[in-house]
Structure formats: C-alpha cells, structure tokens
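Novice: I would like the atomic coordinates for the input below:
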Amino acid sequence: MYRLLLILGLLVILYFLVRKALREFNKPSLPSQGSSGYDSMIQDPVCRTYIPRANAVSASIGGQNYYFCSTDCAQTFHKQLSG
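Specialist: Numbers count the residues shown, from 1 in each chain. Model (predicted):
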C-alpha cells in the first residue's frame, strides 16, 4: 500500500515538473534591453522612460551609443557628462 502511494506521489510530482518545463519551452522569448532588435524597448538614461528603439533619439557620446526619448534629454545627458 505504501509503495502505491509513493509511486502515485512521484508521478504527480513528475507531472507538474513536465508541465512547468513545457510551459517554459513554449513561452515566447522577449528581447532584452541589450539586444539589437529594432523594435525593442529601451530606457532613457535621463528621465528613465521606456521608448521603442525605432522612435529614440540616438547619440554617440564617448564612443558609446545612448538612446533618448527627446533631444532635450540627450542635451541634458551630454551636459551632465561634460560638467
């Protein structure tokens, strides 16, 4: 009797583990902030708002590319770095 309960318990645990693994496998992956996708969301370093990379104002400052929601934020960031 105890063997049957133990086997049944292990089968239930196995069922939930397989179900979780399948859900993770089928979940669509979201692009990370560091990805180079054209439609990915990025965060403005000044005002901390998220904007689509396609709509962002880009600036190369100090050899690194930064993305901003507006030219005002880009100018503010450049002033903060230089002054």
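Novice: when you work out contacts or count neighbours from here on, use the C-alpha atoms and nothing else.
Specialist: Will do.
Novice: can you tell me what sits against the host helix or strand of Leu81?
Specialist: Taking DSSP states H and E as the criterion, Leu81 maps to helix 71-82. Applying CA atoms under 8 Å, 6 or more residues apart in numbering, the contact partners of helix 71-82 are Asp44, Pro45, Val46, Cys47, Val57, Ala59, Ile61, Tyr67, Phe68.
Novice: redo that, cut-off 6 Å
Specialist: Helix 71-82 is contacted from outside by Phe68, using CA atoms under 6 Å, 6 or more residues apart in numbering.
Novice: helices or strands next to the helix or strand hosting Ile13 in the packing?
Specialist: Using DSSP H and E, Ile13 sits within helix 2-26. With contacts defined as 3 or more CA pairs under 6 Å, 6 or more residues apart in numbering; DSSP states H and E, helix 2-26 has no helix or strand neighbours.
Novice: paired strands for the helix or strand that it is followed by, with orientation please.
Specialist: As assigned by DSSP H and E, the chain's next helix or strand after helix 2-26 is strand 41-43. Here strand 41-43 has these sheet partners by DSSP bridges: strand 50-52 (antiparallel).
Novice: what residues sit buried inside the partner strand?
Specialist: The neighbour-count check on strand 50-52 (16 or more other CA atoms under 10 Å) flags Ile51 as buried.
Novice: buried residues of whichever helix or strand comes after it, list them for me.
Specialist: Where DSSP H and E defines the elements, the next helix or strand beyond strand 50-52 is strand 57-61. Buried residues in strand 57-61, counted by 16+ other CA under 10 Å: Val57, Ser58, Ala59.
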